[in-house]
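Asks: with the input below, show me the fold.
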Amino acid sequence: MSNVDDPLRAGNGAGQALVRAISARRGGMCIAAALGVIGLVFTWQASLIDFGDFALPGPGFFPLVLGVLVLVLAIVIGVRDWFQAASAETVELGHRDVLIVLAALAAVPPLFEPLGAYVTLGLFGAAQLVLIARCSLVIASLSAAIGMAACWYFFQVALGLQLPLGPVEQFLQALLNG
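Replies: Next comes the predicted model:
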C-alpha cells in the first residue's frame with residue numbers, strides 16, 4: 001500500500017510523523033466501526049425528524065435512508081474484514097491531506113448558518129485547493145467563486161431552494177434598499 005511517489009515519503013519526509021502503519025484487517029474493522037457509529041447517529045437523528053412517506057418525503061427521509069445505508073455497508077465491511085485471513089499487509093493512516101480535509105469538514109457545520117452557505121462552502125473549496133492541491137490563492141478564489149455561482153444556480157434557480165445567506169443577505173438588502 002505504500003507508494004514511492006507519495007509526497008510524504010519523497011524528499012525530507014515532511015509530515016511523515018503523522019503516518020502510522022497498522023494491519024489492513026484491523027484498519028478495515030476500525031473504519032467499519034466508525035462508519036457504523038456514524039450510521040447509527042444519522043439514523044437516530046433522522047428518526048427525530050418528520051419522515052413523510054414515499055410519495056412526499058419529509059426532511060427526515062433522506063437522512064434516514066443514508067443512515068441505514070451507511071450502517072448496512074459498515075456491517076458488510078466489518079463482517080468481511082472479521083472473516084478475512086490475517087496477513088502481513090498494512091495500511092497507513094494519518095496522512096496530512098486527509099487530516100486537513102477532516103478538519104475543514106468539521107468547520108463547515110458550525111459556520112454554515114452564521115456565514116451563509118455560499119461563503120462557507122466557498123471558503124471550504126478554496127482552502128482545499130490551496131492546502132491540498134497547492135493552487136495559488138487567486139486561482140483558488142476564482143474557482144471557489146465560480147463553484148458557488150454554480151451552486152447558487154443549481155439550488156436557487158433550478159431547484160427553487162433557499163440556502164442560508166448569512167451576512168450576504170444583509171449586504172444584499174442594504175444594496176437594494178439604498
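Asks: can you give me the domain assignment for this structure?
Replies: The record's domain parsing of the chain by automatic domain parsing lists 1-94, 96-178.
Asks: tabulate those domains in CSV, adding columns for mean neighbour count and mean pLDDT.
Replies: Where you see a C-beta, it was placed from the backbone N, CA and C, and this is true even at glycine. Shown next, in CSV, are these (neighbours: other Cβ atoms under 10 Å; pLDDT from 0 to 100):
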stretch, mean neighbour count, mean pLDDT
domain 1-94, 14, 79
domain 96-178, 14, 89
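Asks: confirm for me that P164 is in contact with F112.
Replies: Yes. Under the criterion of Cβ atoms under 8 Å, P164 makes contact with F112 at 6.4 Å.
Asks: which helix or which strand is home to I22?
Replies: strand 20-23 (DSSP states H and E).
Asks: give me the residues contacting that strand.
Replies: In this structure, residues lying in contact with strand 20-23 by Cβ atoms under 8 Å, 6 or more residues apart in numbering are 30, 86-87, 89-94.
Asks: take these and keep only those in helices.
Replies: In this view, these that belong to helices under DSSP state H are C30.
Asks: which two among the contacts of strand 20-23 are spaced furthest apart?
Replies: Maximum pairwise distance in the contacts of strand 20-23, criterion Cβ to Cβ, is 22.3 Å, between A86 and G94.
Asks: going along the chain, name the helices of this structure.
Replies: Under DSSP H, the chain gives helices at 24-47, 61-83, 96-115, 117-131, 137-152, 167-177.
Asks: re earlier: now, the contacts of strand 20-23 that are in strands?
Replies: Of the contacts of strand 20-23, the ones assigned to strands by DSSP state E are 90-93.
Asks: contacting residues for the spatially most central residue of the chain?
Replies: The chain has L105 as the residue nearest its centroid, 5.3 Å off, counting by Cα atoms, centre = their mean. When contacts are counted by Cβ under 8 Å, 6+ apart, L105 touches F124.
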